[in-house]
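Chemist: Just a sequence and a predicted model for now, questions to come.
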Amino acid sequence: MKLFDVYPLFDINIVKGKGCHVWDSKGTEYLDLYGGHAVISIGHAHPHYAEMISRQVATLGFYSNSVVNTLQRQLAERLGKACGYDDYALFLINSGAEANENALKLASFYNGRTRIVSFAKAFHGRTSLAVEVTDNPKIIAPVNAGGHVTYLPLNDIEAMRHELAKGDVCAVIIEGIQGVGGIHLPTTPFLQAIRKACTEQNTVLVLDEIQSGYGRSGKFFAHQYSDIRPDLITVAKGIANGFPMGGVLISPMFTPVYGQLGTTFGGNHLACAAALAVLDVIEQESLIENAADVGSYLMAELNQLSRIKEVRGRGLMIGVEFEEPIGALRNRLLYEQHVFTGAGGSHVLRLLPPLSLTREEADSFLEKLKSVLSSSRGSY
Ligand SMILES: Cc1ncc(COP(=O)(O)O)c(C=O)c1O
């Protein structure tokens with residue numbers, strides 16, 4: 001059997017990682033400014049993480065959600081304290097799409113409605129409702145085009161108010177910072193206006209913090225820059241540093257009903273051990289403060305470079321927009337300078353390194369980027 005060929009691959013076989021670096025099978029070392037797509041929060045192969053997972057799998061890797069799982073309870077308590085949502089409840093699943101799927105389902109159970117508001121350039125995952133609220137017709141299969149979603153322009157307060165005033169919107173779903181769409185930030189007045197309109201209309205506010213959460217923005221959640229409290233918050237990616245896990249943080253206004261939500265693998269013992277190790281390291285190594293500090297430094301330095309149209313982002317979630325398409329630039333960074341970066345659309349370089357990135361590593365990236373920019377003209 002061969003693999004179903006849906007990924008345009010770089011021909012590089014990564015076999016080892018440590019901190020913000022990875023190595024390929026030929027022994028070449030790469031600086032990781034991509035974090036495996038914003039997944040690596042505490043750095044590759046962190047010793048505490050490796051030890052917690054190894055110990056757990058040697059004791060009990062999995063048992064079903066039909067029995068008490070004290071690791072899940074510990075995780076809920078630790079996460080509630082770490083992010084400032086002590087009074088919320090936690091539902092655990094295995095991925096970001098599943099987190100959004102369950103959040104939207106909860107919203108619809110709550111108010112009985114079926115219409116959802118999402119925003120231009122949004123990305124929320126690839127399963128049924130998660131993909132329907134994603135603003136990319138190419139990945140919405142006919143069976144997923146259920147007609148539930150109205151897409152509005154980001155940061156257009158009047159358009160949002162007008163839509164919600166119809167009184168039949170089940171949920172508004174919005175990313176803390178748009179990632180796949182090219183690092184676009186919802187403004188504080190916009191988020192506050194959504195919060196107000198949702199409360200007035202009994203519409204559920206879902207904050208997708210799957211990419212922008214878990215410290216990446218320099219606060220635990222990106223929406224905490226805007227001083228709002230959503231009704232549901234979805235997390236995944238950095239929650240377990242690469243071990244598949246997602247979560248929905250659920251406000252006390254929702255009442256749990258036996259059997260309404262459920263999953264086989266979600267919140268299993270091994271995943272919880274990985275997630276607890278992540279919280280340990282985030283706290284012990286002050287990684288959120290580090291993301292804020294190194295992120296502002298990196299953005300300030302990037303702003304000094306020529307040929308860059310705009311630098312956007314917060315913490316270590318940074319978009320660098322160029323006048324020209326960035327495909328060739330990314331390839332040169334990877335194959336000549338040995339740096340992994342991401343893309344957010346055709347013109348935006350997306351930087352999503354581990355939250356442990358040091359200033360020295362940021363400087364090393366800047367040197368490599370300058371070297372590519374100065375040795376090319378036009379199309380890099
Ligand atoms: C904001 C956002 N939401 C949801 C998802 C989907 O997560 P997953 O791929 O784990 O299903 C992603 C993945 O890139 C994302 O960036």
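Modeler: It's in.

Chemist: Surely Ala171 is in a helix?
Modeler: No. The assignment for Ala171, made by DSSP: H, G, I helix; E, B strand; the rest coil, is strand rather than a helix.

Chemist: Once you drop chain neighbours, what's closest to it?
Modeler: Ala107 (3.8 Å; C-beta to C-beta, 6 or more residues apart in numbering). In this view, the C-beta of every residue, glycine as well, is placed from N, C-alpha and C.

Chemist: what's the spacing between the closest residue to Lys370 other than its chain neighbours and Arg216?
Modeler: Nearest non-adjacent residue to Lys370, counting by C-beta to C-beta, 6+ apart: Leu305, 6.8 Å away. As for Leu305, its distance to Arg216 is 23 Å (criterion: C-beta to C-beta, to the nearest Å).

Chemist: These two: who's more crowded?
Modeler: Set Leu305 next to Arg216 and count neighbours by other C-beta atoms under 10 Å: Arg216 wins out with 33 against 14.

Chemist: element containing that one?
Modeler: If you go by DSSP states H and E, Arg216 is not part of any helix or strand.

Chemist: need the contact list for it.
Modeler: 38, 41, 222, 238, 291, 315-317, 352, 355 (C-beta atoms under 8 Å, 6 or more residues apart in numbering).

Chemist: Then Thr358?
Modeler: Contacts for Thr358 (C-beta under 8 Å, 6+ apart) come out as 20, 294.

Chemist: Now for His37, how many residues are close by?
Modeler: The number of residues packed near His37 is 14, by other C-beta under 10 Å.

Chemist: can you check the one 4 residues further on too?
Modeler: Residue neighbour count, defined by other C-beta under 10 Å, stands at 29 for Ser41.

Chemist: How far off centre is the lengthiest helix in the chain?
Modeler: Secondary structure of the chain per DSSP state H: the longest helix is helix 287-304. When distances are taken as C-alpha atoms, centre = their mean, to the nearest Å, helix 287-304 is centred 18 Å away from the chain's centroid.

Chemist: any low-confidence regions in this structure?
Modeler: Across the chain, the ranges flagged by pLDDT under 70 are 377-380.

Chemist: Nearest to the ligand: which residue in it?
Modeler: For the chain and the ligand, the shortest gap (C-beta to the nearest ligand atom) falls at Gly96, measuring 2.2 Å.

Chemist: Not counting its neighbours along the chain, what's nearest that residue?
Modeler: Among residues not flanking Gly96 along the chain, Ala236 sits closest, at 3.5 Å (C-beta to C-beta, 6+ apart).

Chemist: Please apply the same query to Tyr214.
Modeler: Nearest non-adjacent residue to Tyr214, counting by C-beta to C-beta, 6+ apart: Gly238, 3.8 Å away.

Chemist: Verify the contact between that neighbour and Gly213 for me.
Modeler: Yes. Between Gly238 and Gly213 there is a contact under C-beta atoms under 8 Å: 7.2 Å.

Chemist: The two: which has the busier surroundings?
Modeler: Neighbours around Gly238 and Gly213, counted as other C-beta under 10 Å, are more numerous at Gly213. The numbers are 32 against 29.

Chemist: Next up, the contacts around that one.
Modeler: Contacts of Gly213 (C-beta under 8 Å, 6+ apart): 176, 220-222, 233, 235, 237-238.

Chemist: what's around Tyr34, how many residues?
Modeler: Residues lying near Tyr34 (other C-beta under 10 Å) number 23.

Chemist: Skip the chain neighbours and tell me the closest residue to it.
Modeler: In space, and not counting its chain neighbours, Tyr34 is closest to Phe340: 4.1 Å by C-beta to C-beta, 6+ apart.

Chemist: what would the contacts of Arg216 look like in TSV with secondary structure and distance to Val57?
Modeler: Output for the contacts of Arg216, formatted as TSV (DSSP: H, G, I helix; E, B strand; the rest coil; distance: C-beta to C-beta, whole Å):
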residue	secondary structure	distance to Val57
Ala38	helix	25
Ser41	coil	20
Ala222	helix	33
Gly238	helix	21
Ala291	helix	29
Gly315	coil	32
Leu316	coil	30
Met317	strand	31
Leu352	coil	28
Leu355	coil	25
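
Chemist: Tell me the one of those residues nearest Ile157?
Modeler: Ile157 lies nearest to Ala222 out of the contacts of Arg216, by C-beta to C-beta, at 18.7 Å.

Chemist: Was I right to think that closest one contacts Glu209?
Modeler: Yes. Ala222 is within contact range of Glu209, at 6.4 Å (criterion: C-beta under 8 Å).

Chemist: Overlap in contacts, the two.
Modeler: Residues touching both Ala222 and Glu209 (C-beta under 8 Å, 6+ apart) are Gly176.

Chemist: higher neighbour count, these two?
Modeler: Taking other C-beta under 10 Å, Ala222 and Glu209 do not tie; Glu209 has more neighbours (30 against 26).

Chemist: Surely that one and Leu232 touch.
Modeler: No. Using C-beta under 8 Å, Glu209 is not in contact with Leu232, being 10.3 Å away.

Chemist: and Asn155, how many neighbours?
Modeler: With other C-beta under 10 Å as criterion, Asn155 counts 17.

Chemist: repeat for Ser118
Modeler: Neighbour tally, Ser118, other C-beta under 10 Å: 24.
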